[in-house]
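S.K.: Got a predicted model here, sequence first, then my questions.
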Amino acid sequence: MGRIPSLKNFNAFPHAEDHLLKKTYSGAIVTILGLIIMVTLFAHELTFYLTTYTMHQMSVDLKRGETLPIHINVSFPSLPCEVLSVDAIDMSGKHEVDLHTNIWKLRLDKYGHIIGTEYLSDLVEKEHGTHDHDHGKEHQVEEKKPEHTFNEDADKMVKSVKLAMENGEGCRVYGALDVQRVAGNFHISVHGLNIFVANQIFEGSSHVNVSHVIHTLSFGPEYPGVHNPLDDNSRILHEASGTFKYYIKVVPTEYRYLSKKVLPTNQFSVTEYFVPMRPTDRSWPAVYFLYDLSPITVTIKEERRNFLHFITRLCAVLGGTFAMTGMLDRWMYRIIESVSSSKPRSGMR
């Protein structure tokens, strides 16, 4: 089959004769530099393609009848474990005992080292039909109507707690509790003490130091990129005592991996408020975590970048590098040629 002679005019890649090609040291340097740049850009584009990115979507939360997991890890450097208790209260008005709650108290010395462990059996989930979620009135230390004289166990406890406070003993409360999926709060305080025992130990509510360090606080399992705003947060009181309140807005979240695995969890935002004690206050200092749930669910999906986009970007960067190195080689060749040709002329003069 014969070839069409005019077809050669459309050749975009004409070839020069071998004897017309000239290899130079400058061209070799530019070639090596171009190869290094191409390899670097190829590795960058490949890494960019292999990494995933996330897309966020929002929808109405349709979950019903589920529980809200709360993971806490909080240290109280100035309060022994014997006086601390955890109260969990919600807005449902129901009285339930949460069998899935696991809370431990770790005794700490004045250096923060663990010296003992005990299971926290005094977690209380109370029924509050007329409970005010804004907590205009904090819980008071339990005011029972016992006799004003201490029995042997109470006297022994007072002496033990005072000795622990003299030694600088603290306490770390950590674990997990599953609460109903409604607005509520949990707080850590000395509210579990009898009021007469508490007065005997602290000599008034103004001497209860609720300084604390929040190591971790989360409302579900962690997912890639999660940020819990209260982690590693410390609040140390040096003078006046008072009550800390953390108003938390919990946002239901679903994290969808590339493998199609779905991780139900929650993220949250927080606003902090501190109420100093006044001489007329009947309430006792505490650390409150008041939470409410958002009606919106956030879905976070992992996505892989398109392969055709990867090929397009790769051709663009490699082709651009090849073109730039070609231009640089021509410029360097002309500069060297002009410099070398000017030297003989200056010598003839």
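M.R.: That came through, no problem. Numbering: from 1, shown residues only.

S.K.: Where does the residue nearest the centre of the chain sit, in terms of helix or strand?
M.R.: By CA atoms, centre = their mean, the mean C-alpha position of the chain lies nearest to His227, the distance being 2.1 Å. Secondary structure from DSSP states H and E places His227 outside every helix and strand.

S.K.: Could you do the one 3 residues further on as well?
M.R.: In this structure, Leu230 is located outside every helix and strand according to DSSP H and E.

S.K.: show me the residues around it that make contact.
M.R.: For Leu230, the contacting residues are 214, 217, 246, 270, taking CB atoms under 8 Å, 6 or more residues apart in numbering as the criterion. For every residue, glycine as well, the C-beta is placed using N, CA and C.

S.K.: So which of those belong to strands?
M.R.: Cross-referencing these against strands under DSSP state E gives 214, 217, 246, 270.

S.K.: Put together a markdown table for the residues you listed, with distance to Asn233 and neighbour count on each row.
M.R.: Supplementary listing: the ones in strands among the contacts of Leu230 in a markdown table, determined by distance: CB to CB, whole Å; neighbours: other CB atoms under 10 Å:
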| residue | distance to Asn233 | neighbour count |
| --- | --- | --- |
| Ile214 | 5 | 21 |
| Leu217 | 8 | 20 |
| Tyr246 | 9 | 22 |
| Val270 | 9 | 17 |
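
S.K.: Which stretches in the protein count as helices?
M.R.: For the chain, the helices defined by DSSP state H cover 25-50, 152-166, 195-202, 307-348.

S.K.: follow-up on the earlier one: from Thr297, how far off is the closest residue to the residue nearest to the centre of the chain other than its chain neighbours?
M.R.: In space, not counting the residues next to it along the chain, His227 is nearest to Gln267; the distance is 7.7 Å by CB to CB, 6 or more residues apart in numbering. Going from Gln267 to Thr297 by CB to CB, to the nearest Å gives 11 Å.

S.K.: between the two, what contacts are shared?
M.R.: Counting by CB under 8 Å, 6+ apart, the shared contacts of Gln267 and Thr297 are 251, 253.

S.K.: Quick check: Val317 touching Glu45?
M.R.: Yes - under the criterion of CB atoms under 8 Å, Val317 makes contact with Glu45 at 6.4 Å.

S.K.: and of the helices of the chain, who's closest to Ser241?
M.R.: Taking CB to CB as the criterion, helix 195-202 is the member of the helices of the chain that comes nearest to Ser241, at 9.5 Å.

S.K.: buried residues in that closest one?
M.R.: Along helix 195-202, the positions that meet the burial threshold by neighbour count (16 or more other CB atoms under 10 Å) are 195-198, 200-202.

S.K.: And it, how far out from the chain middle?
M.R.: Taking the mean C-alpha point of helix 195-202 and that of its whole chain, the gap between them comes to 39 Å (CA atoms, centre = their mean, to the nearest Å).

S.K.: how many degrees apart are that helix and helix 152-166 in direction?
M.R.: When axes from the mean of the first three to the mean of the last three CA atoms, to 10 degrees is applied, the directions of helix 195-202 and helix 152-166 differ by 30 degrees.

S.K.: list the helices and strands helix 195-202 packs on?
M.R.: Contact partners of helix 195-202 among helices and strands, from 3 or more CB pairs under 8 Å, 6 or more residues apart in numbering; DSSP states H and E: helix 152-166.
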